[in-house]
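[1] Return a 3D structure for these sequence lines:
(2 chains)
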2 protein chains.
Amino acid sequence: MERKLRRAALRIFRVALKAVDPVEAVLRHVKVDGDRLIVAGRRYRITSFERIFVLGAGKASAAMAQAVEKLLGRWVTGGWINVKYGHGAPLRRIHVHECGHPVPDQAGVEGAQEIARIAREAGERDLVICLISGGASALLPLPSEPVTLDEKQQTTRLLLACGATIHEINTVRKHISAIKGGQLARLAYPATLVTLLLSDVIGDDLDVIGSGPTVPDRSTFADARRILDKYELWPRIPVHVRERIEAGLRGEIPETPKPGEVEFRRAQNVIVASNRLAVDAAAREARRLGFRPLVLSTFIEGETREVARVHAAIVREIRASGHPVRPPACIISGGETTVTLRGDGLGGRNQEFVLAAAMHVAGLPAVVILSAGTDGTDGPTDAAGAIADGSTVARARQLGLDPEEFLQRNDSYHFFDKLNDLIRTGPTRTNVMDVRLMLVA
Amino acid sequence: MERKLRRAALRIFRVALKAVDPVEAVLRHVKVDGDRLIVAGRRYRITSFERIFVLGAGKASAAMAQAVEKLLGRWVTGGWINVKYGHGAPLRRIHVHECGHPVPDQAGVEGAQEIARIAREAGERDLVICLISGGASALLPLPSEPVTLDEKQQTTRLLLACGATIHEINTVRKHISAIKGGQLARLAYPATLVTLLLSDVIGDDLDVIGSGPTVPDRSTFADARRILDKYELWPRIPVHVRERIEAGLRGEIPETPKPGEVEFRRAQNVIVASNRLAVDAAAREARRLGFRPLVLSTFIEGETREVARVHAAIVREIRASGHPVRPPACIISGGETTVTLRGDGLGGRNQEFVLAAAMHVAGLPAVVILSAGTDGTDGPTDAAGAIADGSTVARARQLGLDPEEFLQRNDSYHFFDKLNDLIRTGPTRTNVMDVRLMLVA
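    Model (predicted):
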C-alpha cells in the first residue's frame, strides 16, 4: 500500500511541476491564431503592430522567451532578457544577458539600462511583451540617478537589519529605482504592453513579483520617508537616497505611476504560472488517481517543523475520524516555509518538513508525505525535497538513525539520503515555491 | 458583518462547551430505564447488584458524580471522589475529598488509599462506577510500597528534566504505582466495573487519561528499566524505586494487568466527553447557523504563534479561492498548543493564538477568529480566550497598541483586555483542551 501511495505522490508532484513549466505556462495563456495574438482571452492583431519587442528579467525568463519566440517567430523584432549567470537559453531574436543574483551587479545595471532604452524606443504602434519571474528584483537593478547601485543595496541592507517587512522594503526600493513600481510601463508607454508573470510570492500580488515594473504602485515618496523615519534610518541612509526622496517629496520628480494612470491604459498583466496553478494541478491529478483532494492553503509560511506538526495533526485526524476529508484523501498545501538553523547539518525546508512530519505520523498505516520545491532545489542541496511514510521512522531506527537527532541538527538531507527517500528532479527552470502532499488511503 | 460573525462564533463556542459539560456528558451516555442501567448501549440490571460504589478522581469528577447520583439516587451504596482543592460539589452518598493538584499531596495519598480499599471491598455481586477526568494522575497518587510519594515525584521530575516523552514517563509511573495502569481494575475485580472518562489528552488514548487506572497496560517493568537506562537515570533514581522495578523484573511482584486479562472481562470504559465531542458539536452548530463547517484536526499541538500562522493561511486561502471550503465557512480545530515564553507579559495559549492569527488576517473582510479553553481558564488569567476579526489590528493601532510588541512580550491578555475582546466564561467544571474557530463569510 505504501509503495503504491508513494508512486501516486510522486506522480502528483510531477504533474504539478509540469503545470508550471515556464514554456507550457506561456503556451497555455498565449495563443496565435492567424494574425491574432490572444493573451488570456484578450485579442491583439499582430499585423497592426510595426514592431514587437520582448523584454524581461528573472530566473525563468529565458524559457518564457523561448515560448514567445516559438509562438511569434519572425514577428519578434528583437528584445533583451536579464537572467542569472548560467541560466541562459538559446534564443534567436532576443538577446540573453547574464548577470548577478541574488546580489545585483554592474552587468545587471547595464542590462536594465538596455531594457529601459528599448522600452523608451517603443512607440504607439509597437507591442512590448514583458516576461517577469522570480529573481527579477535583483536581476533588474536600475537605481534612479544620482543613486548608485551600492547606495541602493546599502539602503536595502539597513532596512533588512531593522526587521522592516518586505512590503516596506519594496516601497523604499521602488522610489529609488528608475524601472520598478510601474516605471517600466511608463517607459514603454504609449506602446501596447503585455506582461506575463511567473509568480514566486505568496498571494501573487502583481506589484510584489519582481517589484512590479509594469504594475501600478500605490505607495508614495511620503510612505518611503515615513518608513525610513519609523526605523530611524533617515539620517543613516546614503545622501543620494535622501536627496532623491526629498526631491520626490517636493514634487520635483514624478511619483511612480498610480492605478488608473495613462501608462496602464494599454497594459495587460497576466500571471501565467503560480503556486496556486501547481497546487490546483496536483488536486486534479489526485482526483484522477482516485483520491479526495483538499487544498489546504497556498499561503503557508512559518517555522518548518511547526508547520509540519500542524500538517501531521491533520493526517492523524483523517486516520482517526475521516475529517477534514475521508480517505483516500490527498491534502495539498503550497507557499514557502522557513528554517531557523540550530545545527550544522545539511538540508532544506522541504526535507525538514518531511522529516518533522514523519516523526508525528510514525506508525500510522497508509500515510505518505511529500514536500518539494518546484525549482528543483531545496536549500543548499541537490535534492528538491523528500518523501516519507508511516514506517519511515521505524525504518530509520533499524538503520541506527535517530530522527530526533537529525532534526535537531537540521540534517534532513543525510537522513533521507540514507533512506534513499530524496526527491531529485534537477533544475526545472521554474519557481513557484513549494508543493506539499499528504496522502492517506 | 463582523458583529454578526462574532455573535455566531461566540454562540458556536458556547454550544461546544455545553456538549462537554460533565453532567450533560454523563447523562448523554448513561441512562436508567426501570431497573436497567444503560451505558453507551450496554445494559446492566441494577437490581442484580448487591451494592453500587462510585469512585473517581479528576477536576470534573465531582460534577460527573452529581450526574451519577441524579441517575441512580438511593441505589448508590457509597463512594469516594478525589478532587482538586476548591473543586468540590455537594453530593449525598459519595464522599468528596479535596487534595493537591498539580502537585500531589498526602491528602491525595490518603484519598487514593480509601478508593483502593473500597475497590478491594467490592465483590462479585457489586458494581463499581469509576469517574476519571483531567488531573486524575496527580489526584490519585498511590505509590506502591516501599516507594514514597516524594520518591515517586522525584522520579517524575528527573524524567521530565531529561526530556522524556509523556508516554515514557507514564510507563515508569505505572510501574511504581499501586493503582494506575489498570491496577484499580485489578483491585475492583471480580466486581463489575464501569469507567466513565472525560478526556483531556490528544488522541483520547484510554491508558493516558489519568494514567489509565482501569485500562489494560501494554508496558512492562522491562520497558520502565529500559527508559531509565536510556536517560542514564537508573543510578540516580531513589533506591526504593530501583528496588520495586528490580523486584518486578525478577517476577516477585505482578506486572500491571495486560490486555485480555481476567481483570477486564467485566470492565467497560466509555469516554463521555472529549475534544472531538466539543469540536463536533461546534461543527453541527456552525452548520445550523448557515456555515460550511470543516473540522481541521483535534490533534493540533505545537508552538502557538506558528500554529496560528498556519490557521491564518487557511483563512487567507478561503478568502482568495474558496479552498479548502467555500464561504460562509467555519474552520474548527482542537487540541492544545504550547507557548514558549519570551516576554514578561500576561496571557495564555488561546489569547496568544488569536493575537498572532489576527496579525496575519489583518485587513481581510468578514473574518472572525476565536480560541478558548474549554475549562474556562487560559494561562494564569481570568479569561478563557479571545476573539478577533480582520479589523482588530487597525483598531488596536488606533488605540496606540502595537500588536507585534504585545506578541513579543507574550502579553495577549492586556492586548485583548484593552480591546474588550477577552472571552470570560468562569470555571466550566470540564476540560477537554481548546476549541478554535475561524469564520469566513
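[2] check which helix or strand covers A:Leu439.
    Per DSSP states H and E, A:Leu439 falls inside strand A:434-440.
[3] now for that strand, which elements pack on it?
    Applying 3 or more CB pairs under 8 Å, 6 or more residues apart in numbering or on different chains; DSSP states H and E, one finds that strand A:434-440 contacts helix A:2-19, helix A:275-288, helix A:304-321, strand A:329-335, helix A:349-360, strand A:367-373. (C-beta placed from N, C-alpha, C; glycine too.)
[4] for the ones you listed, which one sits closest to chain B?
    Between chain B and the helices and strands packed on strand A:434-440, the tightest spacing by CB to the nearest CB is seen for helix A:304-321, at 3.5 Å.
[5] got the contact list for the closest residue to A:Gly134 other than its chain neighbours?
    Nearest residue to A:Gly134, sequence neighbours excluded (CB to CB, 6 or more residues apart in numbering or on different chains): A:Asp200, at 3.2 Å. Applying CB atoms under 8 Å, 6 or more residues apart in numbering or on different chains to A:Asp200 gives the contacts A:Ser133, A:Gly134, A:Gly135, A:Ile209, A:Asn431, A:Val432, A:Met433.
[6] swap in A:Gly86?
    Taking CB under 8 Å, 6+ apart, one finds A:Glu98 in contact with A:Gly86.
[7] any idea how far it is from A:Ala65?
    16 Å (CB to CB, to the nearest Å).
[8] Show the average pLDDT along stretch A:412-425.
    Averaged over stretch A:412-425, pLDDT sits at 98.
[9] ends of that stretch, how far apart?
    Terminal residues of stretch A:412-425 are spaced 17 Å apart (CA to CA, to the nearest Å).
[10] Strands along the stretch 51-200 of chain A, start to end?
    Here the stretch 51-200 of chain A has its strands, by DSSP state E, counting those that start in this stretch, at A:51-57, A:78-84, A:94-99, A:126-132, A:192-198.
[11] For chain B, which of the ones you listed is the nearest?
    Between these, strand A:192-198 lies closest to chain B; by CB to the nearest CB that is 16.6 Å.
[12] tell me what that closest one is packed against?
    helix A:22-29, strand A:126-132, strand A:267-273.
[13] quick one: strands adjacent to it?
    strand A:126-132 (parallel), strand A:267-273 (parallel) (DSSP bridges).
[14] ok, and what's touching the first one?
    Yep, that's strand A:126-132 we're talking about. When contacts are defined by CB under 8 Å, 6+ apart, strand A:126-132 is touched by residues A:37, A:44, A:49-58, A:61, A:64-65, A:68, A:77, A:79, A:81, A:118-119, A:122, A:184, A:188, A:191-198, A:209-210, A:213-214.
[15] Go again with 6 Å.
    A:49-56, A:58, A:61, A:64-65, A:68, A:122, A:188, A:191-197, A:209-210, A:214 (CB atoms under 6 Å, 6 or more residues apart in numbering or on different chains).
[16] again, but for the last one
    Under the contact criterion CB under 6 Å, 6+ apart, strand A:267-273 has outside partners A:20, A:25-26, A:29, A:39-40, A:42, A:185, A:193-199, A:204, A:206, A:215, A:432.
[17] can you check stretch A:1-13 too?
    Contacts of stretch A:1-13 (CB under 6 Å, 6+ apart): A:282, A:285-286, A:289, A:366, A:368, A:370, A:372, A:387, A:389, A:437, A:439, A:441.
[18] Out of the contacts of A:Asp200, grab the one that's most surrounded.
    Using other CB atoms under 10 Å in any protein chain shown as the neighbour test, these are led by A:Val432, with 34 neighbours.
[19] A:Val239 - how many residues pack around it?
    Close neighbours of A:Val239, defined as other CB under 10 Å, add up to 10.
[20] Would you mind measuring from the residue nearest to A:Gly134 to A:Thr171?
    Taking CB to CB, one finds A:Asp200 at 20 Å from A:Thr171.
[21] what do you get for A:Ile332?
    Distance of A:Ile332 to A:Thr171, given as CB to CB: 33 Å.
[22] try A:Asn269
    Taken as CB to CB, the span from A:Asn269 to A:Thr171 is 19 Å.
[23] go on, A:Gly348?
    For A:Gly348, the distance to A:Thr171 - CB to CB - is 30 Å.
[24] how about the residues of chain A that lie near chain B?
    A:294-297, A:299-300, A:302-303, A:306-307, A:309-310, A:313-314, A:316-317, A:323-324 (CB under 6 Å from any CB of the partner chain).
[25] Of those, keep whichever come out buried.
    With burial judged by 16 or more other CB atoms under 10 Å in any protein chain shown, the buried subset of the residues of chain A next to chain B is A:294-297, A:299-300, A:302-303, A:306-307, A:309-310, A:313-314, A:316-317, A:323-324.
[26] circling back to that earlier point, who has more neighbours out of A:Ile332 and A:Thr171?
    Legend: neighbour count by other CB under 10 Å for A:Ile332 and A:Thr171, higher for A:Ile332 (28 against 25).
[27] Centroid-nearest residue for chain A?
    With distances taken as CA atoms, centre = their mean, A:Asp200 lies nearest the centre of chain A, 1.4 Å away.
[28] confidence score at that one?
    Confidence score, pLDDT, at A:Asp200: 93.
[29] and if you look at A:Ala164?
    You'll see A:Ala164 listed with a pLDDT of 85.
[30] Contacts only, for it.
    A:Ala164 sits next to A:Tyr231 when contact means CB under 6 Å, 6+ apart.
[31] repeat that for 10 Å
    Listed by CB atoms under 10 Å, 6 or more residues apart in numbering or on different chains, the contact partners of A:Ala164 are A:Thr156, A:Leu158, A:Asn170, A:Thr171, A:Val172, A:Ile227, A:Leu228, A:Lys230, A:Tyr231, A:Leu233.
[32] Now the residue nearest to the third one when sequence neighbours are not counted, what are its backbone angles?
    Spatial nearest neighbour of A:Asn170, excluding adjacent residues (CB to CB, 6+ apart): A:Ser211 at 5.7 Å. Its backbone dihedrals place A:Ser211 at phi 60, psi 20, with angles given as degrees, to the nearest 10.
[33] Kind regards, and thank you for your time.
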